[in-house]
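please work out how this folds:
(2 chains)
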Amino acid sequence: METVIKIDGKVVDRTKETINQDINTGEVEVVIDKFIILGECKELPMPVFSDQEYSEEIRLKYRFLDLRRKKIHENIILRSKVISFIRNEMSKFGFLEFQTPILTSSSPEGARDFLVPSRLNPGKFYALPQAPQQFKQLIMVSGFDKYFQIAPCFRDEDARADRSPGEFYQLDLEMSFVQQEDVFNVVEKLLVSTFKKFSNKELMFKEFPKITYSDALLKYGTDKPDLRNPLIINDITEIFTREDVSFEIFKKLVKKGSRVRCIVTKNTKDKPRSFFDNIDKWAKDQGASGLAYFTIEKDKEVSAKGPVGKFFSKESLEEIMKKTQGKVGDSIFLACSNQKELERITSLARDKIAKDLNLIDENTFAFCWVIDYPMFEKNDQTNKIEFSHNPFSMPQGEINKINFEKPLDILAYQYDIVCNGIELSSGAIRNHIPELMYKLFSIAGYEKKQVDEKFRGMINALSYGAPPHGGIAPGIDRIVMLLANEKNIREVTMFPMNQNAEDLMMNAPSEVSENQLKELSLSLKLKK
RNA sequence: GGGGGUGUAGCUCAGUUGGUUAGAGCGAUCGCCUGUCACGCGAUAGGUCGAGGGUUCGAGUCCCUUCACUCCCGCCA
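As a prediction, the model looks like this:
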């Protein structure tokens, strides 16, 4: 019954027998004089009072009914409160909130743009901002030294469970005359107070640990490590160059340039054979050649038990134990491959093994900073040097001492914040020196002329006395997702689109009339 | 663009080895009951088994194609 009615009557106490403690209004009742129907309800396509799961299709089509349901209703209220709180905190920190244009120019790099045709300028298009990146830098140049905005961002890329198609919100912020640490201080304070206020879960670290990008890839196999997971990856390639190790398959691969990395699990010598074999089988399902394993035991002297245990001498085992902090009773899972593939499989294995051993405390938030991203990276397919993140980031080191001959060694003041393995945001100290920018762009293969064409507004602004500045942009949707303990971003979004970027309720996107197209000087040329 | 999962009544689902007329709970409608609050009781309606094709004496079930939703890879500086 979802019909809306208006009742005239007297509220009276219930008789003692009819008091119901289970409901809020259980001690009173209304004696009805008259009632009228204000809004009639047809047969419901889905029940409103129920904890049952329903298909996304029906939920999205009737979102206004879905939103009446308790769980998601509360999620949306939480979202509102979190945003108010953040606004308030940012103001307290001395930041000013500014709006930036929604109709702007298409950016040449990064994600696909949403385009909006211009009626007054036939053949030309606006783009919806992927982020207010250039505007916030211009705000700094304009002399407002602390800016923030709960900013809508638009990217025409495919969806994921934690990534809305089309649009999402960032807490966009930027500060002048700052170094990386200053940005960290603001964001850490904000996140700690927000997460303490809106969640009962523990924060694993009061001060967020800082992990370098290269360390993260080695120890966790990814640049968004879940630090709730205590497992750590070690590189033990050198062990396989020893004479007293006879694991020939790995030794051959190592000779050809492969590396060996391993994960140590504590005190798992009594786990059944099936535990180990399942993980090996799982790794094969993931497209790896499997995970070799052995368990470290000790009778009179240290030895390795398991299918490949016999290949390791006592001395080599002691060396492995030293390198990995492994102890007697622990087990070791080994993978051998090229670096990229190793990072992929050890990262997945770290999650899988921790899950199987139940090592992850679901009641904690583990934040960390990932810092020292490389400025450039080599594209495997084209072999060309490209910007690895934001081309506007400031390279590290004294400017006249940077070795531009070895671009892959240049680090940037570029950082990410990660919580429980989810990337919340990335940010950077920006490059505010035009000459340096031209130099960096030239390494990535752009001539001065091209840079001027694409970023004229930006470069021009930086030529009239720009303060050093930097910032970051934490994802609002993902923060609320973590606080609401949801795995899907639609659970914290009021009117989300489906995976194909369609709004099933409003029927968007939709076709438009010939007249509208004509006014915009557009004609359609559909595939097939 | 690629891979996996799901698709049976308005909703959530069951449906055996391919075998008679496809079932249940909730919801809806009608009636009964009236101190109920997820009321109770009785009855009724409700199905292109996602769609199309094939195999078979016979297909919800097997095969092929396709569509929708979803998860993942690519993509997201």
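
if I look at residue A:442, how far off is RNA strand B?
From residue A:442 across to RNA strand B, the span is 17 Å (CB to the nearest atom of the strand, to the nearest Å). C-beta here means a position set from N, CA and C on the backbone, and glycine is covered the same way.

flag the shaky bits of the stretch 251-400 of chain A, pLDDT-wise.
Low-confidence segments of the stretch 251-400 of chain A (pLDDT under 70): none present.

do stretch A:10-21 and RNA strand B come into contact?
Yes. Against RNA strand B, stretch A:10-21 shows contacts by CB under 7 Å from any atom of the strand at A:14-15, A:17-20.

likewise for stretch A:377-389?
Yes. Stretch A:377-389 is in contact with RNA strand B by CB under 7 Å from any atom of the strand, via A:387-389.

which one of the residues you listed is nearest RNA strand B?
residue A:389 (3.5 Å; CB to the nearest atom of the strand).

ok, residues contacting the longest helix seen in chain A?
Counting residues, the longest helix in chain A under DSSP state H turns out to be helix A:70-92. Helix A:70-92 is contacted from outside by A:51, A:66-67, A:97, A:148, A:150, A:171, A:173, A:189-190, A:193-194, A:197-198, A:476, A:479-480, A:483-484, A:486, A:491-492, A:494, using CB atoms under 8 Å, 6 or more residues apart in numbering.

does the residue in the stretch 151-300 of chain A positioned nearest to RNA strand B belong to a helix or a strand, and which?
Across the stretch 151-300 of chain A, the shortest distance to RNA strand B (CB to the nearest atom of the strand) belongs to residue A:158, at 3.0 Å. Under DSSP states H and E, no helix or strand contains residue A:158.

any idea how far residue A:283 is from the residue nearest to it when sequence neighbours are not counted?
Of all residues not flanking residue A:158 in the chain, residue A:165 sits nearest, at 6.8 Å (CB to CB, 6 or more residues apart in numbering). Distance of residue A:165 to residue A:283, computed by CB to CB, to the nearest Å: 32 Å.

residue A:245 too?
Noted for residue A:245: a distance of 21 Å to residue A:283, by CB to CB.

how about the contacts made by the residue positioned nearest the centre of chain A?
Residue closest to the mean C-alpha point of chain A, counted by CA atoms, centre = their mean, is residue A:423 at 2.6 Å. By CB under 8 Å, 6+ apart, the contact set of residue A:423 is A:224, A:416-417, A:478.

which of these lies closest to RNA strand B?
residue A:224 (9.7 Å).

just checking, that closest one touches residue A:416?
Yes. In this structure, residue A:224 is within contact of residue A:416 by CB atoms under 8 Å, at 7.1 Å.

mutual contacts of those two, please.
Shared contacts of residue A:224 and residue A:416 (CB under 8 Å, 6+ apart): A:370, A:423.

of those two, who's got more company?
Set residue A:224 next to residue A:416 and count neighbours by other CB atoms under 10 Å: residue A:416 wins out with 22 against 18.

dump the residue contacts of that one.
Here residue A:416 is in contact with A:223-224, A:369-370, A:373, A:423-427 (criterion: CB under 8 Å, 6+ apart).

Three-state assignment for residue A:175, please.
Here residue A:175 is strand, with the state taken from DSSP: H, G, I helix; E, B strand; the rest coil.

give the contact list for it.
Neighbour list for residue A:175: A:140, A:145-147, A:182-183, A:186, A:469-471 [criterion: CB under 8 Å, 6+ apart].
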